[in-house]
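Asker: just coords:
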């Protein structure tokens, strides 16, 4: 898949007349934005059969594994990794205990992604995803059109918990992915798994529109069943005078505070799913109640200490993944850089207190040391879209935040209760430029 200018037939191998009309509608609507890129599902008829079979598998097999036991598939997966994946093959023979296997990190993937592609997978349709994140390790990730199409199965599974079954088909628009960035990858496509329903990835930033009023007009014309995005893009979406309403919103990529989720749900009159997802592994878990419930039936999740040893159930540590549905990037004890505790409740595994980046310790006015999760707990009742908190070497705090309908006093009060007399400066900004590192300290 190295052709930089593929034809429509290569982008959409099974495209019908109805699908072609949908693409034309999405691109040529009078209020359409300036689409800066092209994409396509790249799925052959045989590929679609595999995606449908996988969808049936996801429906039939529950996520997780029995408490106190290893997943039944894990040992075979480890053996295949050690035999077929160049990076893992250097480990040598299989150790007596799974926990004796080394862990890997984003830095390992960034050095040589080709070393993680198994020897026995076809690479004629190999595609890649690029991701920058906030860790300083940009990634180029190996994938395949089948993998990209299979995300939908886990999104549908998460939606079913809220009683929603996607129903759009030919002539309708199923999903609009919204972003809000200076520069954004934008395109239109169709989803064969949903009867060639339309899909559009758009940027709500003014740079991509001829007229700002066109944003609401275009989205109302599409009337998508589902919006996906992040808190930043949803903060812009909520400002638009939309006449239509989706059946659900899915938020990914960054923290979504409960108060802002509730504001979105009240405004759009539908559930808002907070999805824990990453390019390396796809959708891992969806927030349901107090925690994020695991979604993947062939994903084993550990929570590790800084030294790399599993912590007891309920204790916080680094979320570490084994398995996944991307056969072109099998993960073996991949440390995600995200932190949570893992608990088993009512037959399911839940990630509680999920937060990205390593824990940061702040100093209160009386010298007490505070974990950043305590800050999140204090702010979760406020509809903040995004925020950062930094502590200077001598103690003063500086919090930058974005969001509407929040007064400085509402932020200052809970933080004063937590930090006491420590000086605190608040700075409201219209928006941040993409992902940010939320918590930093020099203290």
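Answerer: Received, thanks. Since the structure is predicted, the reported quantities are computational estimates derived from the model, not experimental observations.

Asker: give me the beta-bridge partners of the spatially closest residue to residue 311 that is not a sequence neighbour?
Answerer: Spatially, and ignoring its direct neighbours in sequence, residue 311 is nearest to residue 317 (4.3 Å; C-beta to C-beta, 6 or more residues apart in numbering). For the C-beta atoms, the positions are set from N, CA and C on the backbone; glycine is no exception. When assigned by DSSP bridges, residue 317 has beta-bridge partners residue 340.

Asker: tell me the domain boundaries of the chain?
Answerer: The chain breaks down by automatic domain parsing into domains covering 1-60+165-270, 361-441.

Asker: so which of those comes closest to residue 323?
Answerer: Minimum separation from residue 323 across these (C-beta to C-beta) falls at domain 1-60+165-270, 13.7 Å.

Asker: can you list the weak-confidence ranges in the stretch 301-443 of the chain?
Answerer: Within the stretch 301-443 of the chain, the segments meeting pLDDT under 70 span 357-359, 433-435.

Asker: which stretches of it form strands?
Answerer: For the stretch 301-443 of the chain, the strands defined by DSSP state E, counting those that start in this stretch cover 316-323, 331-345, 348-356, 361-363, 369-371, 386-391, 397-402, 424-428, 439-441.

Asker: These: which one's closest to residue 298?
Answerer: Per C-beta to C-beta, nearest to residue 298 of the strands of the stretch 301-443 of the chain: strand 316-323, 4.8 Å.

Asker: what comes into contact with that closest one?
Answerer: 71, 73-74, 77-78, 103, 280-281, 284, 296, 298-306, 310-311, 330-342, 351, 353-354, 358-359, 373 (C-beta atoms under 8 Å, 6 or more residues apart in numbering).

Asker: Check stretch 352-363 too.
Answerer: For stretch 352-363, using C-beta under 8 Å, 6+ apart, the contacting residues are 134, 254-255, 276, 285, 290-292, 314, 316, 318-319, 337-343, 369-373, 375-376, 389, 391, 395, 397, 419, 422, 437-441, 443.

Asker: Separate out the buried members of these.
Answerer: The neighbour-count test (16 or more other C-beta atoms under 10 Å) marks 254-255, 276, 285, 291-292, 316, 318-319, 337-343, 370-373, 375-376, 389, 391, 395, 397, 419, 422, 438-439, 441, 443 as buried among the contacts of stretch 352-363.

Asker: how close does residue 37 sit to residue 146?
Answerer: 21 Å (C-beta to C-beta, to the nearest Å).

Asker: Identify the residue nearest the residue in the chain sticking out farthest from the centre in space, chain neighbours excluded?
Answerer: Distance from the centre of the chain peaks at residue 366, with 38.0 Å (C-alpha atoms, centre = their mean). Spatially, and ignoring its direct neighbours in sequence, residue 366 is nearest to residue 420 (5.5 Å; C-beta to C-beta, 6+ apart).

Asker: Could I get the contacting residues of the one you found?
Answerer: With C-beta under 8 Å, 6+ apart, residue 420 has these contacts: 364-366.

Asker: How about residue 168?
Answerer: With the criterion set at C-beta under 8 Å, 6+ apart, residue 168 makes contact with 174, 194-195, 197, 224-225.

Asker: again, only this time at 6 Å
Answerer: Each residue near residue 168 by C-beta atoms under 6 Å, 6 or more residues apart in numbering is listed here: 174, 194, 197, 225.

Asker: Thought residue 417 was touching residue 364, still the case?
Answerer: No. Counting by C-beta atoms under 6 Å, residue 417 is not a contact partner of residue 364; they are 10.2 Å apart.

Asker: Please identify which of the two sits among more neighbours.
Answerer: residue 364 (16 against 9; other C-beta atoms under 10 Å).

Asker: how far away is the closest residue in space to that one that isn't next to it in sequence from residue 186?
Answerer: Of all residues not flanking residue 364 in the chain, residue 419 sits nearest, at 4.8 Å (C-beta to C-beta, 6+ apart). Residue 419 sits 42 Å away from residue 186, going by C-beta to C-beta.

Asker: Please apply the same query to residue 303.
Answerer: 37 Å.

Asker: you'd agree residue 372 is up against residue 438?
Answerer: No. Residue 372 is not in contact with residue 438 according to C-beta under 6 Å; the separation is 7.4 Å.

Asker: in this protein, which residue is closest to the centre?
Answerer: Mean-position check on the chain, C-alpha atoms, centre = their mean. Result residue 277 at 2.9 Å.

Asker: looking at it, it is touching residue 252, isn't it?
Answerer: Yes. Distance between residue 277 and residue 252: 4.7 Å, which falls inside the contact criterion (C-beta under 6 Å).

Asker: circling back to that earlier point, what degree of burial does the residue nearest to residue 311 show, as a neighbour count?
Answerer: 21.

Asker: what's the answer for residue 239, then?
Answerer: 13.

Asker: and what of residue 421?
Answerer: Neighbour number of residue 421 under other C-beta under 10 Å is 10.

Asker: ok, now residue 69?
Answerer: Residue 69, neighbours per other C-beta under 10 Å, totals 8.

Asker: Now do the same for it: its pLDDT.
Answerer: The model reports residue 69 with a pLDDT of 94.

Asker: The chain should start at 451 in everything you say after this.
Answerer: All set: I'll call the first residue 451, so the last point we hit is now residue 519.

Asker: if I look at it, how far off is residue 525?
Answerer: For residue 519 relative to residue 525 (C-beta to C-beta), the value is 12 Å.

Asker: what does residue 712 give?
Answerer: Taking C-beta to C-beta, one finds residue 712 at 43 Å from residue 525.

Asker: Enumerate every residue touching residue 712.
Answerer: Per C-beta under 6 Å, 6+ apart, neighbours of residue 712: none.

Asker: On the three-state scheme, it is what?
Answerer: Following DSSP: H, G, I helix; E, B strand; the rest coil, the label given to residue 712 is helix.

Asker: Show the contacting residues for residue 673.
Answerer: So residue 673 contacts residue 694 (C-beta under 6 Å, 6+ apart).

Asker: Against residue 835, how distant is it?
Answerer: As judged by C-beta to C-beta, residue 673 and residue 835 stand 25 Å apart.
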